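**Q** what follows is a predicted structure for the sequence shown.
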Amino acid sequence: MTLTWDLDADVRHLNHGSFGAVPRPALDRQSEYRRLMEGSPVKWFVGVPQRIAAARARVAPYLGVSADDLAFVPNASAGASVVHGSLRAAPGGEVVVTDHGYGAVTMGAHRFARRWGCTVRTAHVPLAADPQEAAEAITAEFSDRTVLAVVDHVTSPTARFLPVDLVGAAARARGIPFLVDGAHVPLLLADPLAGVDCDAWVGNLHKFGCAPRGTGVLVARGPLRDDLHPLIDSWGAGRPFPEGFDAQGTLDFTSWLAAPDALDVVEREVGWDVVRRDAAALVAQGADLVADAFARHTGQDHRVDVGTPAGPFRLLALPGRLGAGPGGTDAVRDRVLARFGVEAAFTAFGGRGFVRLTAHAYNTPDDYADFAGRVVPALVAWAREG
């Protein structure tokens with residue numbers, strides 16, 4: 001067997017970071033599970049908690065955690081919502097987030113703060129900050145009133161690591177509950193929670209890990225774990241963590257059950273260490289190619305110092321004010337996809353637009369050469385149009 005994908009061959013896929021891609025054998029396995037579910041619904045749903053527990057046991061070693069510390073959730077944002085919905089706070093408290101945070105999770109932190117009469121403090125972390133500088137910028141916002149800190153492990157808009165190990169140690173020393181948004185991290189790191197002291201860590205298996213979409217994990221090993229409950233009360237209510245998350249009625253759990261098959265097939269056919277190494281090297285090479293193309297048109301260096309770049313991600317600055325108009329960077333994304341058949345991520349930070357390039361096992365150098373040759377000239381022209 002070789003690693004195969006159902007990706008559209010007429011589209012260039014340079015945005016694995018947003019929605020991932022699923023190997024065909026895992027999709028086939030998910031379809032088999034769906035046939036079992038539809039063929040005998042009563043038998044299926046009676047037995048599904050045991051199937052989920054078995055899937056957790058297969059996934060846990062890939063994250064370096066115990067299966068008893070891991071629950072499946074629909075995605076990282078849902079896992080964060082579990083924490084926001086389970087935690088209590090006294091009025092007048094403060095929630096600390098960063099200006100690199102993922103929008104949905106940050107909005108959840110604001111909702112948590114409003115519900116308990118708290119305020120939100122946003123730590124500004126300079127884009128080029130090294131780990132120590134970044135940690136100091138975040139922990140400077142801690143106070144005796146801090147009731148929760150929420151920090152990304154890898155940032156979505158800026159494609160960099162944040163020092164969750166250093167922040168976690170500082171939070172634990174002060175008794176501050178700490179939530180790590182590791183949406184992009186599962187399988188991107190071989191041992192993602194090593195050295196990270198946090199109350200809850202959430203991540204998506206359907207990003208770098210290539211699991212079917214709708215497969216997230218919530219890892220809880222601190223004193224708050226017994227207070228964490230699913231977003232929807234169902235027949236798992238009252239069971240301890242994580243068993244309470246295994247019995248949630250008639251949801252379609254086939255993505256969770258096929259997730260271990262996705263992880264296993266990549267390990268078997270390529271090897272996750274090889275994927276991590278090759279993807280990081282490929283995106284670095286591709287980003288240089290695209291940056292050089294930008295420079296030929298603008299005379300400027302579009303490379304971005306993000307302090308601690310995250311493996312298969314690279315950030316490049318867009319020309320001029322591109323992405324700042326109506327629709328923001330999403331409008332640029334949609335225009336590039338419609339005109340060139342290229343899926344790429346366009347983000348914004350600090351009033352500036354960026355393209356976030358990614359790489360995975362299915363990418364080749366030609367993908368980045370194509371972007372440099374066809375898309376870059378158009379992006380420069382669009383920027384000059386205002």
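**A** On my side now, so go ahead. Numbers count the residues shown, from 1 in each chain.
**Q** around V11, how many other residues sit close by?
**A** Using other C-beta atoms under 10 Å, V11 has 12 neighbouring residues. C-beta coordinates here come from the backbone N, C-alpha and C atoms, glycine included.
**Q** over to A281?
**A** Neighbour count for A281, taken as other C-beta under 10 Å: 13.
**Q** secondary structure element for it?
**A** helix 272-298 (DSSP states H and E).
**Q** mean confidence for that helix?
**A** Taken as a whole, helix 272-298 has an average pLDDT of 98.
**Q** now it: buried residues?
**A** By 16 or more other C-beta atoms under 10 Å, the buried positions in helix 272-298 come out as 272, 275-276, 278-280, 282-284, 286-287, 289-291, 293-294, 297-298.
**Q** break this protein down into its domains, please.
**A** For the chain, automatic domain parsing gives the domain ranges 24-267, 271-385.
**Q** out of these, flag the one nearest L14.
**A** With C-beta to C-beta as the criterion, L14 lies closest to domain 271-385 of the domains of the chain, at 4.6 Å.
**Q** can you give me the end-to-end span of the closest one?
**A** Terminal residues of domain 271-385 lie 46 Å apart, using C-alpha to C-alpha, to the nearest Å.
**Q** same deal with stretch 181-194?
**A** Across stretch 181-194, first to last residue, C-alpha to C-alpha, it's 15 Å.
**Q** tell me which residues in it are buried?
**A** Using 16+ other C-beta under 10 Å as the test for burial, stretch 181-194 gives 181-189, 192-193.
**Q** tell me which stretches of this structure form strands.
**A** All strands of the chain, identified by DSSP state E, fall at 12-13, 70-73, 94-98, 119-123, 146-152, 178-181, 200-204, 216-219, 313-317, 342-343, 345-349, 352-358.
**Q** to V306, which of the ones you listed lies closest?
**A** Checking those against V306 by C-beta to C-beta gives strand 313-317 as the closest, at 5.6 Å.
**Q** pLDDT below threshold where in the stretch 251-386 of the chain?
**A** Along the stretch 251-386 of the chain, no part satisfies pLDDT under 70.
**Q** one more time with 80, if that's ok
**A** Flagging of the stretch 251-386 of the chain using pLDDT under 80 yields the residue ranges 386.
**Q** before we move on, the earlier item: pull the distance from the helix holding A281 to the chain's centre.
**A** In terms of C-alpha atoms, centre = their mean, to the nearest Å, the centre of helix 272-298 is found 20 Å from the chain centre.
**Q** also stretch 226-246?
**A** For stretch 226-246, the distance to the chain centre is 23 Å (C-alpha atoms, centre = their mean).
**Q** what's in contact with it?
**A** Stretch 226-246 is contacted from outside by 48-49, 52-53, 56, 67-73, 78, 81-83, 85-87, 200, 218, 220, 225, 247-249, using C-beta atoms under 8 Å, 6 or more residues apart in numbering.
**Q** where in the stretch 1-150 of the chain is pLDDT low?
**A** Under the criterion pLDDT under 80, the flagged ranges of the stretch 1-150 of the chain are 1-2.
**Q** check what pLDDT A194 gets.
**A** A194 is assigned a pLDDT of 97 by the prediction.
**Q** next, give phi and psi for the closest residue to it other than its chain neighbours.
**A** Of all residues not flanking A194 in the chain, G64 sits nearest, at 6.3 Å (C-beta to C-beta, 6 or more residues apart in numbering). G64 adopts backbone torsions of phi 70, psi 30, taken as degrees, to the nearest 10.
**Q** what's the answer for T215, then?
**A** T215 has phi and psi values of phi -120, psi 100 when expressed as degrees, to the nearest 10.
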